[in-house]
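Q: Build me a model:
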Amino acid sequence: MTRTKGHRSTARIVYPSGVKELTSDLSKDELMRRLKALARAFQDMEQEEETDQYEPLALHLVNDMFFKHPSKDVRLLVACCLADIFRIFAPEAPYKTMETLKCIFRFITKQFWGLENVESSSWKRNFYLLENVAMVKSYNICMELPDSNEIFVELFNVFFTIISDNHASKVRTFMLDIMCPLISENDAVASELLERILVNLLDSKKIENPSAFILARDLIKRTASSIEPSIQVLFNSILILGKKDKTELGPYMYELIYQLNQVSSNILLSVLPQLELKLKSNDERERLSVTKLLGKMFSDKDSDLATQHKPLWNCFLGRFGDININVRLQCVRFASQFILYHPYLVQDLTEKLSERAHDAEESVRQAVVVSIITAAKKDMTNVTDDLFNVVRERTLDKKWSIRKDSILGLSHVYKKWYYSTDSTNADKVKLAWIKDKILHMYYQTNMDDKLLVERIFTVSLAPYTLENKERMKRMFELYATVDQHSVRAINELLKNQFMVRTHLQGLLELYEQESDEIRAKKMFTKLIVISKCLPDPTKAQEHLKRLREVLDTDQRIRKFLQIIVSPSVTCKRAQQAVKEIMKKFGDPANPSAMFETVQKLLERSAPFTIDSEAVKSLIEYVAKEASGQGDEISGEAEEGALVRGLQLLQVSGLIIFIFLVIKNTSNNHIIY
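A: Here you go, the predicted model:
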């Protein structure tokens, strides 16, 4: 590090060999030529050389003639010369007064703006200036100045403003080499300078300039032990003394605490205990803000904060029972992250989630279900039986929306993991109860519950997207392993779907068999019967009347509906026909009430699971089981897979048979 020398007597200006005199009457081009020669001469000089003779020249360069020259290229060359002067004169600078040093470093700081444009013709010279200042640590001299903070704030502001993705890593490295000593070798970090650093950690600034965020992050990491006391003072003034208005960062203190914890958790060792008091604040908004902050900090993937700060973790757990609903919701919403990334916290959480699953507020109970299911869908490893039981209980919740989320969520978990190659036998045993729980819900009196089970049966238990053989294999294994209540539910489900399909078939037959006047009367009766197979029959009647109007005028839609109810239609053809019909009634991304009614009607009537080809595949599986060549089925019922398979054949075969009888005895002609 260089230091300032004492006063020296005025002497004749000596120039290095080959460098001509620098005077105020020179043209810009001539001045540039002479400054380039001087810059090259200084670059080639070593510290060991006799430099005292150039002290008058060094003083001559600190002149408004150069500092205020209209040409930025002239100013840049002068700055490069000054940087080299600090290098070759080290450890003592040739400048006399503090004011002179202040003027020099403010001048050099302004030249750093030239680093912003990496395509500039003067980029190499700008980079040389940065590298030279970084290597010599020239700015360290400023720590002796009474108003050094003013210079440092200007310097840091330039660096944080100009740094970008366009810069090579060396640029950021040299910037850090300049900035770090100004923090680590200084007695303290002034509040204005600290704020200029910390503001770059805010999300808004991070989006605006990601490179500035990285620069600030790396700066804090490299100076953590030195900057910590100043950070502690800042947060003490905000958290304890309540001086939010004294700093622009006041409104962002919790965001900053989170970001600083990400950068270097040790920086906040003395700050975090203060948050325990904030968690117990009488101000609900403050409790909510701190709960959000700690939820993020505790739940982050690589966080060990709960282990390091056990009292704070226990205080956070207490907020699960907060009087404010929003605080309780925030706690519950972080649960999925805890389950996924912190298995050692699951036991603590299970008790709290079980309590909140009985919360008086519907939204809290629903959030409990969503959090557990979200974790299980991503990775069920840490989802314990106790956590699954919390969701199981909510399948009987008094609110339909919670029952729906619970049973639908469990079906998604079952579909993803039960047949996954990544799942072990233990995982399958852990999930085996889900299929029975889903099917038992078919005994609910609410029509919405029944339709949901039918949808889950088609989508998750025996997925319609599978090919016939694989789908029937799943169907056979399902029927062979569920309990008797579930068997009866499947039988009832298939019977109800067949019944709705029969009603629709009868509706379509009226278009061929009756005159308009007679058809209208009979259709009204049919529509009433069909509406009772849907939720809210009164509203369903209105939508079915509009569907009938479409069928009256749109033969294409009527044709697709005829395909769906045809006894010989395949599952794939039925799926295609449903898609074509639904296009007529709106956008599935923003469904209308009419759209939802028609969708539910078609889901209840279209044969997505069983067709004549599927029955053939089912017969093959049952035959293999009868001959002793069937695959081993884990958890099969007491009566055995063969008996269950024959029962399933009886049910599904009977449906196909009845349809064929209806077709052969009907005068309706179906066009494909």
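Q: any low-confidence regions in the chain?
A: 1-11, 48-49, 241-246, 514-516, 653-672 (pLDDT under 70).
Q: same thing but 50
A: 1-9, 657-672 (pLDDT under 50).
Q: Mind naming the longest helix for it?
A: Determined from DSSP state H, the single longest helix within the chain is helix 484-513.
Q: Run the chain-centre distance for the next helix or strand after it.
A: Downstream of helix 484-513, the first helix or strand assigned by DSSP states H and E is helix 516-531. Relative to its parent chain, helix 516-531 has a centroid offset of 51 Å by CA atoms, centre = their mean, to the nearest Å.
Q: Quick one: list the elements packing against the longest helix of the chain.
A: helix 433-440, helix 447-456, helix 468-481, helix 516-531, helix 537-553, helix 555-565, helix 593-605, helix 641-665 (3 or more CB pairs under 8 Å, 6 or more residues apart in numbering; DSSP states H and E). All C-beta spots, glycine's among them, are computed from the backbone N, C-alpha and C.
Q: got CSV for those, with mean neighbour count and distance to Lys583 too?
A: CSV is the format used below for the helices and strands packed on helix 484-513 (neighbours: other CB atoms under 10 Å; distance: least, CB to CB, whole Å):
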stretch, mean neighbour count, distance to Lys583
helix 433-440, 20, 30
helix 447-456, 20, 20
helix 468-481, 21, 25
helix 516-531, 15, 21
helix 537-553, 16, 12
helix 555-565, 19, 9
helix 593-605, 20, 10
helix 641-665, 16, 26
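Q: quick one, which of those helices is nearest to Ser634?
A: Checking the helices and strands packed on helix 484-513 against Ser634 by CB to CB gives helix 468-481 as the closest, at 7.5 Å.
Q: pull the CA atoms of the closest one into PDB?
A: The C-alpha coordinates for helix 468-481 follow below in PDB (Å, rounded to 0.1, in the frame of the first residue of the first chain):
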ATOM      1  CA  ASN A 468     -56.000 -52.400 -23.400                       C
ATOM      2  CA  LYS A 469     -53.800 -55.200 -22.100                       C
ATOM      3  CA  GLU A 470     -52.000 -53.100 -19.500                       C
ATOM      4  CA  ARG A 471     -55.200 -51.400 -18.500                       C
ATOM      5  CA  MET A 472     -57.000 -54.700 -17.900                       C
ATOM      6  CA  LYS A 473     -54.000 -56.000 -16.000                       C
ATOM      7  CA  ARG A 474     -54.300 -53.000 -13.700                       C
ATOM      8  CA  MET A 475     -58.100 -53.600 -13.500                       C
ATOM      9  CA  PHE A 476     -57.600 -57.300 -12.700                       C
ATOM     10  CA  GLU A 477     -55.000 -56.600 -10.000                       C
ATOM     11  CA  LEU A 478     -57.200 -53.900  -8.500                       C
ATOM     12  CA  TYR A 479     -60.200 -56.100  -8.300                       C
ATOM     13  CA  ALA A 480     -58.200 -59.000  -6.900                       C
ATOM     14  CA  THR A 481     -56.700 -57.000  -4.000                       C
END
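Q: buried ones in the helix or strand Leu294 falls within?
A: Using DSSP H and E, Leu294 falls within helix 284-299. In terms of neighbour count (16 or more other CB atoms under 10 Å), helix 284-299 has its buried residues at 287-299.
Q: Then stretch 152-170?
A: In stretch 152-170, counting by 16+ other CB under 10 Å, buried: 152-156, 158-160, 162-163, 167.
Q: Now intersect those residues with the strands, please.
A: Counting by DSSP state E, the buried residues of stretch 152-170 place none of their members in strands.
Q: picking up where we left off before, for the buried residues of helix 284-299, give me a markdown table that also has distance to Met45.
A: Converted to a markdown table, these look like this (distance: CB to CB, whole Å):
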| residue | distance to Met45 |
| --- | --- |
| Arg287 | 64 |
| Leu288 | 63 |
| Ser289 | 58 |
| Val290 | 59 |
| Thr291 | 62 |
| Lys292 | 58 |
| Leu293 | 55 |
| Leu294 | 58 |
| Gly295 | 60 |
| Lys296 | 54 |
| Met297 | 53 |
| Phe298 | 58 |
| Ser299 | 58 |
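Q: Determine which two of those are furthest apart.
A: Every pair of those checked by CB to CB; the farthest is Arg287 and Ser299, at 17.7 Å.
Q: Tell me where this structure has strands.
A: 3-4, 92-93.
Q: ok, now which ones touch the nearest residue to Gln274 once chain neighbours are set aside?
A: Spatial nearest neighbour of Gln274, excluding adjacent residues (CB to CB, 6 or more residues apart in numbering): Leu239 at 4.8 Å. When contacts are counted by CB atoms under 8 Å, 6 or more residues apart in numbering, Leu239 touches 253, 271, 274-275, 278.
Q: So which residues of the stretch 301-450 of the chain form helices?
A: 305-308, 310-318, 325-333, 335-341, 346-356, 362-378, 385-394, 400-417, 425-431, 433-440, 447-456 (DSSP state H, counting those that start in this stretch).
Q: need the contact list for Ala83.
A: 108, 129, 132-133, 136, 138 are the contacts of Ala83 under CB under 8 Å, 6+ apart.
Q: returning to that earlier point: with distance to Val622 added, can I get the helices and strands packed on helix 484-513 in TSV?
A: Below are those laid out as TSV (distance: least, CB to CB, whole Å):
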stretch	distance to Val622
helix 433-440	20
helix 447-456	24
helix 468-481	7
helix 516-531	34
helix 537-553	38
helix 555-565	27
helix 593-605	27
helix 641-665	4
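Q: Any idea which of those helices gets closest to Pro181?
A: Of all the helices and strands packed on helix 484-513, helix 433-440 sits nearest to Pro181, with 61.7 Å by CB to CB.
Q: For Tyr258, grab the count of nearby residues.
A: For Tyr258, the count of nearby residues is 19 (other CB atoms under 10 Å).
Q: what's the closest of the helices and strands packed on helix 484-513 to Val332?
A: helix 433-440 (22.1 Å).
Q: CA atoms only: put that closest one into PDB for me.
A: Presented in PDB, the C-alpha positions along helix 433-440 are these (Å, rounded to 0.1, in the frame of the first residue of the first chain):
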ATOM      1  CA  TRP A 433     -54.800 -48.700   1.400                       C
ATOM      2  CA  ILE A 434     -55.300 -45.800  -0.900                       C
ATOM      3  CA  LYS A 435     -57.300 -47.700  -3.500                       C
ATOM      4  CA  ASP A 436     -59.800 -48.900  -0.900                       C
ATOM      5  CA  LYS A 437     -60.100 -45.500   0.600                       C
ATOM      6  CA  ILE A 438     -60.900 -44.000  -2.800                       C
ATOM      7  CA  LEU A 439     -63.500 -46.700  -3.700                       C
ATOM      8  CA  HIS A 440     -65.100 -46.500  -0.200                       C
END
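Q: Can you tell me what sits against that helix?
A: Taking CB under 8 Å, 6+ apart as the rule, helix 433-440 contacts 392, 395, 407, 410-411, 413-414, 418, 453, 456-457, 460-461, 478, 481-483, 485-486, 489-490.
Q: could you redo the last one with a cut-off of 10 Å?
A: For helix 433-440, contacts defined as CB atoms under 10 Å, 6 or more residues apart in numbering pick out 385, 388-389, 391-392, 395-396, 406-408, 410-411, 413-415, 417-418, 452-453, 456-457, 460-461, 477-478, 481-483, 485-490, 492-493.
Q: Now list the buried members of those residues.
A: Looks like the contacts of helix 433-440 have 388, 391-392, 395, 406-408, 410-411, 413-415, 417-418, 452-453, 456-457, 460-461, 477-478, 481-482, 486-487, 489-490, 493 buried, using 16+ other CB under 10 Å.
Q: right, and Lys539 touches Ser531 too?
A: Yes: at 8.6 Å, Lys539 counts as touching Ser531 under the criterion of CB atoms under 10 Å.
Q: Next, show the common contact partners of the two.
A: Contacts common to Lys539 and Ser531, judged by CB under 10 Å, 6+ apart, are Thr597.
Q: So Leu305 sits against Leu272, correct?
A: Yes: using CB under 10 Å, Leu305 is in contact with Leu272, at 7.8 Å.
Q: What number of residues are in the vicinity of the closest residue to Arg172 other than its chain neighbours?
A: Nearest residue to Arg172 in three dimensions, chain neighbours excluded: Leu215, at 5.8 Å (CB to CB, 6+ apart). Counted with other CB under 10 Å, the neighbours of Leu215 add up to 23.
Q: Thank you, goodbye.
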